[in-house]
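**Q** mind looking at a prediction? Sequence and model below.
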Amino acid sequence: MLFCDVRASSDLDIEAYDRLAFANLYTEFACSFMARSLALLAEQFGAALPTVQDGVAGMQLIEAARRSNEQGGQWCPIDLQGTEL
């Protein structure tokens, strides 16, 4: 796994964090894919992968940030009820 302790590497720039995040995501996906291909239990690898619900919550966060910006930085609540797909 490529997990990185960001506290130990505080001099990294935002692009480095992005690369580490995607490296972790791709590593987890590859491990899950290989486990399934080998007929092994893939759940232990797939547990770290984002779900559709995670994606919906992320899009709601982005939309709330956009609305907040349009309203001069006002707080915009996020309704996570009903995100079960």
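**A** Nice, I can see it.
**Q** CA atoms for contacts and neighbours, from now on please.
**A** Will do.
**Q** nearest residue to the middle of the protein?
**A** Geometric centre of the chain, nearest residue: residue 50, 5.7 Å, by C-alpha atoms, centre = their mean.
**Q** state the distance from that one to residue 21.
**A** Here the criterion is C-alpha to C-alpha, to the nearest Å. By it, residue 50 lies 12 Å from residue 21.
**Q** with residue 56 instead?
**A** 19 Å.
**Q** then residue 65?
**A** For residue 65, the distance to residue 21 - C-alpha to C-alpha - is 21 Å.
**Q** more neighbours: which of the two?
**A** More crowded of residue 65 and residue 21, by other C-alpha atoms under 10 Å: residue 65, with 18 against 15.
**Q** element containing that one?
**A** helix 52-70 (DSSP states H and E).
**Q** and residue 27, by the same measure?
**A** Using DSSP H and E, residue 27 falls within helix 14-37.
**Q** that helix - contacts with which helices or strands?
**A** helix 43-46 (3 or more C-alpha pairs under 8 Å, 6 or more residues apart in numbering; DSSP states H and E).
**Q** tell me how the protein divides into domains.
**A** 1-49, 50-85 (automatic domain parsing).
**Q** buried stuff in the shortest one?
**A** Buried residues in domain 50-85, counting neighbours by 16 or more other C-alpha atoms under 10 Å, are found at 57, 60-61, 64-65, 67.
**Q** also stretch 19-35?
**A** By neighbour count, and taking 16+ other C-alpha under 10 Å as the criterion, the buried residues in stretch 19-35 are 20, 24-25, 27-29, 31-33, 35.
**Q** now these as CSV including pLDDT and distance to residue 75?
**A** Output for the buried residues of stretch 19-35, formatted as CSV (pLDDT from 0 to 100; distance: C-alpha to C-alpha, whole Å):
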residue, pLDDT, distance to residue 75
20, 80, 30
24, 80, 32
25, 81, 31
27, 82, 36
28, 81, 35
29, 82, 35
31, 82, 40
32, 80, 39
33, 81, 40
35, 81, 44
